[in-house]
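> Okay, here's the prediction I keep looking at, along with the sequence it came from:
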Amino acid sequence: MIKIKQISPHIRRVTCPNPSKFTFKGTNCFIIGQNRLTIVDPGPIIEGFIPQLVAALKPAKITHILITHSHRDHSPAAAELKALTGAKTYASGQHNIYRTDIDNPFKNSGDWDFEPDIILKDNQTFNCDNHTFKAIQTDGHCYNHMAYALTHIDKNPTQDDENCLFVGDHIMGWASTIVAPPDGNMSRYMHNLYKLQTAPYNVFYSAHGAAITKPKTRIDELIKHRLSREAEIVDCLKQGIGDIVEMVKINYPKLDQALIGPAAMSTLAQLEWLIDKNMVVSDAGLTIDAQYRLANEAKNTIYS
Ligand SMILES: [Zn+2]
């Protein structure tokens, strides 16, 4: 039996039964409204879950399905939900990657079949019943990542109104977000963290884990985390250590063997950002095996 929890006057949450080391307790699926409902992220395909959800929400009608991004733990159940209810799907576009010149080890984590009915642009607003949503482009973790703001419920706002942002995987309280090229892009991720520093929302609802009630504090922590990782990498490069495997050994000294791969991908993402900022050069493109150097030390080489 699914458990639907009222988390604010207009929002309910059900956590999909897909807990894992990547999804924490499972994907949070949000339900907004009373009579005509909006669903944010119906989650992965889990037998029986969507029919149970639809039955539990009756007699209300589901009309809008918002997808934060097309990773397999977020969007695949949209097709079943749409078939059962006739609701339309909203997203910034189909699954995509940032570059095609490198291998994509995350190919299987993408929902390549997902096709939104309505393609949203950054800052586009739309209504469901008497709710107004605003799409906010927050790519970086995934190429088509959108956050959704819920600002007003009624024409005459009351203090009961929500002022929140459904942030998907862009910002989470329990862990930092996976950002790995070519599925993700660190420059875009950081740009969209900085962008939300001045956003006027009281609470962030993440796709995994608890609500974030101090959004600005959490954003500051996440920015600080990536900048300190960057400083560690720059320190390695200053010492002439330009090999990713060596950098991981130094910067993640007590790391579990199973997490060496993710740490290497994260280092690669940070290096891509440094290359984007013209601070670093590589002798063999953006790969795990390449040798990386600080750009100002490489001026007189053929790679500069
Ligand atoms: Zn994701």
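Looks like it came in fine. Numbers count the residues shown, from 1 in each chain.
> could you dump the worst-scoring helix or strand of the chain on mean pLDDT to CSV, C-alpha only?
Lowest on mean pLDDT, DSSP states H and E among the helices and strands of the chain sits strand 125-128, with a mean of 91. Output of strand 125-128 as CSV, limited to C-alpha atoms (Å, rounded to 0.1, in the frame of the first residue of the first chain):
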residue,chain,number,x,y,z
THR,A,125,4.7,30.0,-16.6
PHE,A,126,1.7,27.8,-16.9
ASN,A,127,-1.4,27.1,-14.9
CYS,A,128,-3.0,24.0,-13.5
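> That strand pairs with which strands, parallel or anti?
strand 131-137 (antiparallel) (DSSP bridges).
> which is the next helix or strand following the strand it pairs with?
strand 146-150 (DSSP states H and E).
> and that next one with the ion, contact?
No: against the ion, strand 146-150 shows no contacts by Cβ under 5 Å from the ion, the least distance being 12.1 Å. Where you see a C-beta, it was placed from the backbone N, CA and C, and this is true even at glycine.
> who touches the longest helix along the chain?
Longest helix in the chain, counting residues (DSSP state H): helix 215-238. Residues outside helix 215-238 that contact it (Cβ atoms under 8 Å, 6 or more residues apart in numbering) are 165, 171, 173, 176-177, 186, 190, 193-194, 196-197, 199, 201-204, 212, 242, 246-247, 250-251, 266-267, 270-271, 273-274, 279-280, 292-294.
> Show me the residues you listed that map onto helices.
186, 190, 193-194, 196, 246-247, 250-251, 266-267, 270-271, 273-274.
> Looking at the stretch 201-304 of the chain, which residue is nearest the ion?
Relative to the ion, the nearest point of the stretch 201-304 of the chain is A207 (7.3 Å; Cβ to the ion).
> Need the nearest residue in space to that residue, chain neighbours excluded.
Leaving aside its sequence neighbours, A207 sits nearest to G168 (Cβ to Cβ, 6 or more residues apart in numbering; 4.8 Å).
> Need phi/psi at that neighbour.
Taking degrees, to the nearest 10, you get phi 60, psi -130 for the backbone angles of G168.
> thought it was touching Q137?
No: with contact defined as Cβ atoms under 8 Å, G168 and Q137 do not form a contacting pair (11.5 Å).
> For those two, list the residues in contact with both.
With Cβ under 8 Å, 6+ apart, G168 and Q137 have common neighbours H145, M146.
> Those two: which has the busier surroundings?
Shown here are G168 and Q137; by other Cβ atoms under 10 Å, G168 has more neighbours (30 against 19).
> contacting residues for that one?
G168 sits next to D41, T68, H69, H74, T138, H141, H145, M146, A147, S206, A207 when contact means Cβ under 8 Å, 6+ apart.
> Of the residues you listed - the most surrounded one?
H74 (30 neighbours).
> shouldn't the residue of the stretch 201-304 of the chain closest to the ion be in contact with D41?
Yes: taking contacts as Cβ under 8 Å, A207 lies within contact range of D41: 5.7 Å.
> residues shared between the contacts of those two?
With Cβ under 8 Å, 6+ apart as the test, A207 and D41 both reach T27, N28, T68, H74, F166, G168.
> In strands, which of these fall?
Using DSSP state E, the subset of the shared contacts of A207 and D41 located in strands is N28, F166, G168.
> Sketch out the low-pLDDT regions of the stretch 151-300 of the chain for me.
152-160, 297-300 (pLDDT under 70).
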